[in-house]
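Visitor: here's my sequence, what's the structure:
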Amino acid sequence: MPKVSIVIPAYNSLKFLPETMESVFKQTFKDFEVLVVNDGSSDDTEHWVSQIADLRVKLITQENQGLSGARNTGIAHASGEYIAFLDADDLWEPTKLEKQVLCLEENSEIGLIYTWVALIDENGNFTGRVFKNYAENDVWHKLIEHNIVESGSVAMVRRQCFDTCGVFDRNLRSFVEDWDMWLRIASRYPFKVMKEPLVYYRQHSTSASKNWEAMARSFEIVIEKAFSAAPPELQYLKNRSYGFANICLAWKPLQSRAQDWKIAASFRAKALSHYPWICFSQEFVRLSIAIILMRVFGTDGYQRFLSYAYTLRQRIVAMAR
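Guide: This next block holds a predicted model:
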């Protein structure tokens with residue numbers, strides 16, 4: 001049996017899947033299987049995967065069940081001691097599996113290991129931004145405030161965690177299903193972090209969901225579920241969790257094609273009502289600046305500012321290298 005099972009949910013993702021698979025085959029750690037779950041795609045995903053000659057690659061085709069359902073199918077078919085998740089449009093550094101496996105082998109108590117995340121654009125170009133989190137060991141109190149496992153392509157999980165904590169909640173088809181899963185694991189197992197960007201998360205120009213009410217409801221479901229099982233000494237974190245959840249929600253209308261600063265401001269106000277001290281957080285300040293820029297300069301001006309800021313950041317990163 002392979003040491004690692006790699007689960008790749010694929011839904012109409014053939015545009016990026018070949019590059020994603022290439023990053024898997026370039027891994028320095030070779031003892032793995034790849035479970036590509038074709039989740040009801042209408043493109044040529046099934047045919048393309050079926051042509052791969054590498055015997056480590058297994059194709060599973062099902063009717064569309066959403067990201068949670070696809071991941072659960074992968075878990076059910078996995079043979080490995082460790083399970084790594086990879087979204088069909090993201091990329092891995094060649095040493096990603098090797099470093100995570102070594103950490104889990106040396107730390108038998110660890111349930112999940114995550115890494116830092118570098119952002120790339122739709123064409124695979126580095127944007128200059130890296131998500132860095134440092135929390136490890138008992139991370140639940142940090143995780144309930146913010147999903148430190150920044151991307152669905154980051155985590156490597158010990159198989160027994162799913163036997164103990166269950167699998168992904170299929171009722172959360174589109175939003176925060178991974179956050180819910182990691183919270184359940186964090187309530188029972190310590191985490192570790194690789195403090196380097198071993199995953200490249202691809203940002204898309206396509207429109208994000210405008211169903212803000214459904215997104216907010218998903219956050220509420222996860223938070224209420226988490227605190228229903230949390231001990232009394234952690235209940236004080238609930239308002240803080242709702243505060244940061246609303247900050248996260250506030251970014252969505254700004255990042256979508258709707259670019260509606262009024263909806264963003266509404267979520268920001270809810271964040272303050274839950275947790276007034278959030279006004280001193282870096283994310284609150286960044287959000288407030290974005291809302292002001294869009295309100296004053298409009299969507300075109302806001303996009304020009306972002307383009308300038310991204311270019312400047314890329315140059316700074318290039319100079320640092």
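
Visitor: what's the pLDDT at residue 159?
Guide: According to the prediction, residue 159 has pLDDT 97.

Visitor: thought residue 79 was touching it, still the case?
Guide: No - contact between residue 159 and residue 79 fails when scored by C-beta atoms under 8 Å: they sit 9.2 Å apart. For the C-beta atoms, the positions are set from N, CA and C on the backbone; glycine is no exception.

Visitor: overlap in contacts of these two?
Guide: Listed as contacting both residue 159 and residue 79 by C-beta atoms under 8 Å, 6 or more residues apart in numbering are residue 5.

Visitor: what is the end-to-end distance of stretch 73-83?
Guide: From its first residue to its last, stretch 73-83 covers 12 Å (C-alpha to C-alpha, to the nearest Å).

Visitor: mind listing what's buried in that stretch?
Guide: 73, 74, 75, 78, 80, 81, 82, 83 (16 or more other C-beta atoms under 10 Å).

Visitor: those in helices, which ones?
Guide: In helices, defined here by DSSP state H, the members of the buried residues of stretch 73-83 are 73, 74, 75.

Visitor: redo these as JSON lines? Include pLDDT.
Guide: JSON lines is the format used below for these (pLDDT from 0 to 100):
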{"residue": "73", "pLDDT": "98"}
{"residue": "74", "pLDDT": "98"}
{"residue": "75", "pLDDT": "98"}
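
Visitor: now residue 157: phi and psi?
Guide: Backbone torsions for residue 157, taken as degrees, to the nearest 10, come to phi -120, psi 140.

Visitor: burial of the closest residue to residue 96 other than its chain neighbours, as a residue count?
Guide: Distances taken as C-beta to C-beta, 6 or more residues apart in numbering put residue 198 closest to residue 96, at 4.1 Å, once the chain neighbours are dropped. Using other C-beta atoms under 10 Å, residue 198 is surrounded by 23 other residues.

Visitor: can you verify my assumption that residue 198 contacts residue 103?
Guide: No - with contact defined as C-beta under 8 Å, residue 198 does not reach residue 103; the gap is 11.5 Å.

Visitor: the strands in the protein, which residues?
Guide: Using DSSP state E, the strands of the chain run over 4-10, 32-39, 57-62, 82-85, 91-92, 112-120, 126-131, 156-158, 191-202.

Visitor: closest to residue 268 out of the ones you listed?
Guide: strand 126-131 (21.1 Å; C-beta to C-beta).

Visitor: hang on, the earlier thing: least reliable of the strands of the chain going by mean pLDDT?
Guide: strand 126-131 (a mean of 88).

Visitor: CA atoms only: put that strand into CSV for me.
Guide: Extracted as CSV, the C-alpha positions of strand 126-131 are listed here (Å, rounded to 0.1, in the frame of the first residue of the first chain):
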residue,chain,number,x,y,z
PHE,A,126,3.5,34.6,-8.6
THR,A,127,1.6,37.7,-7.3
GLY,A,128,4.1,38.4,-4.5
ARG,A,129,1.8,37.5,-1.7
VAL,A,130,2.4,34.6,0.8
PHE,A,131,0.0,33.6,3.5
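
Visitor: on that earlier part again, save the ones in helices among the buried residues of stretch 73-83 as a markdown table, and put in distance to residue 153 too.
Guide: As requested, these are exported to a markdown table (distance: C-beta to C-beta, whole Å):
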| residue | distance to residue 153 |
| --- | --- |
| 73 | 17 |
| 74 | 13 |
| 75 | 16 |
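
Visitor: pick out whichever of those residues sits closest to residue 53.
Guide: The closest of those, once distances to residue 53 are taken by C-beta to C-beta, is residue 74, at 21.1 Å.

Visitor: what about the spatially closest residue to the closest one that is not a sequence neighbour, how many residues nearby?
Guide: In space, and not counting its chain neighbours, residue 74 is closest to residue 7: 3.2 Å by C-beta to C-beta, 6+ apart. Using other C-beta under 10 Å, residue 7 has 27 neighbouring residues.

Visitor: next one: residue 244
Guide: 21.

Visitor: tell me which residues touch the nearest residue to it once chain neighbours are set aside, please.
Guide: Closest residue to residue 244 apart from its sequence neighbours, by C-beta to C-beta, 6+ apart: residue 145 at 5.2 Å. Counting by C-beta under 8 Å, 6+ apart, residue 145 makes contact with 237, 240, 241, 244.
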